[in-house]
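> Turn this into a structure:
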Amino acid sequence: MANWSEAERAAPELAAAVRGRFEAHGLAILATVRRDGSPRVSGVEPLFALGELWLGMMPGSRKGTDLCGDPRCALHSATTDKNVTQGDAKINGSAVVVTDAESLDAYQAAWAAATAMPVPEPFTLFRIDVTGLSMIGVAGKELVIDFWREGEQPRRTTRT
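Next up is the predicted model:
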């Protein structure tokens, strides 16, 4: 699986657009899989830093428990209008629990630099291995879908 910087190298324009949508509001919807197989959606504040996509959360949170049981996840950018004027971004991947002190310290420093506030403690940290990116937008009367899947070239489809 690709870390964020590898996804950027594989699909640079798409990755930049996707990251831009997530960073525009700093909020995302995280989809996880519950123990019984049903879906759960939760708010999260993703951080793109140090070549990685990070998700920090409270220890014992339901979303964190879900990711520890089944690491598959999807992130959806905050939608700001029903016409998706600015685009609609999605990231698919797999979460990896991060426990080493060096990475935790680096994340805390990157978070503080990006938000001008410290990471709320205690926290559980995940790194997302990216398996796919997509960006949906509207151009005239067409729906434009740009997407990339790991191991493939970026593609674009349009629908009227």
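
> Endpoints of stretch 74-88, how far apart?
13 Å (C-alpha to C-alpha, to the nearest Å).

> Return the set of buried residues in that stretch.
Neighbour-count burial for stretch 74-88, counted by 16 or more other C-beta atoms under 10 Å, picks out 74-78, 84, 86-88. Bear in mind the C-beta positions are built from the backbone N, C-alpha and C, glycine included.

> Please apply the same query to stretch 32-41.
Across stretch 32-41, burial judged by 16+ other C-beta under 10 Å covers 32-33.

> Return the subset of the buried residues of stretch 74-88 lying in strands.
74-77, 88 (DSSP state E).

> Including pLDDT, could these go into CSV?
Compiled in CSV, these are given as follows (pLDDT from 0 to 100):
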residue, pLDDT
Ala74, 98
Leu75, 98
His76, 97
Ser77, 95
Asp88, 93
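
> quick one, longest strand in the protein?
For the chain, the strand with the greatest residue count under DSSP E is strand 124-139.

> ok, then the element right after it?
Downstream of strand 124-139, the first helix or strand assigned by DSSP states H and E is strand 142-149.

> Any chance you could list what contacts the next helix or strand after that next one?
Next helix or strand after strand 142-149 toward the C-terminus (DSSP H and E): strand 155-159. Residues outside strand 155-159 that contact it (C-beta atoms under 8 Å, 6 or more residues apart in numbering): 139, 142-148.

> Which members of those are the farthest-apart pair?
Using C-beta to C-beta, the two most remote members of the contacts of strand 155-159 are Glu142 and Trp148, lying 19.7 Å apart.

> out of those two, which sits in the busier spot?
For Glu142 and Trp148, the more surrounded residue by other C-beta atoms under 10 Å is Trp148, and the numbers stand at 23 against 12.

> I figured Cys68 hits Thr99, correct?
No: Cys68 is not in contact with Thr99 according to C-beta atoms under 8 Å; the separation is 11.7 Å.

> Look at the two and report which has more neighbours.
Using other C-beta under 10 Å as the criterion, Cys68 and Thr99 rank with Cys68 on top: 13 against 9.

> Now the more buried one: phi and psi?
Torsion angles at Cys68 (phi, psi; degrees, to the nearest 10) stand at phi -70, psi -30.

> What's opposite Val98 in the beta bridge?
With DSSP bridges applied, Val98 shows beta-bridge pairing to Leu125.

> what about it, how many neighbours?
Counted with other C-beta under 10 Å, residues neighbouring Val98 total 18.
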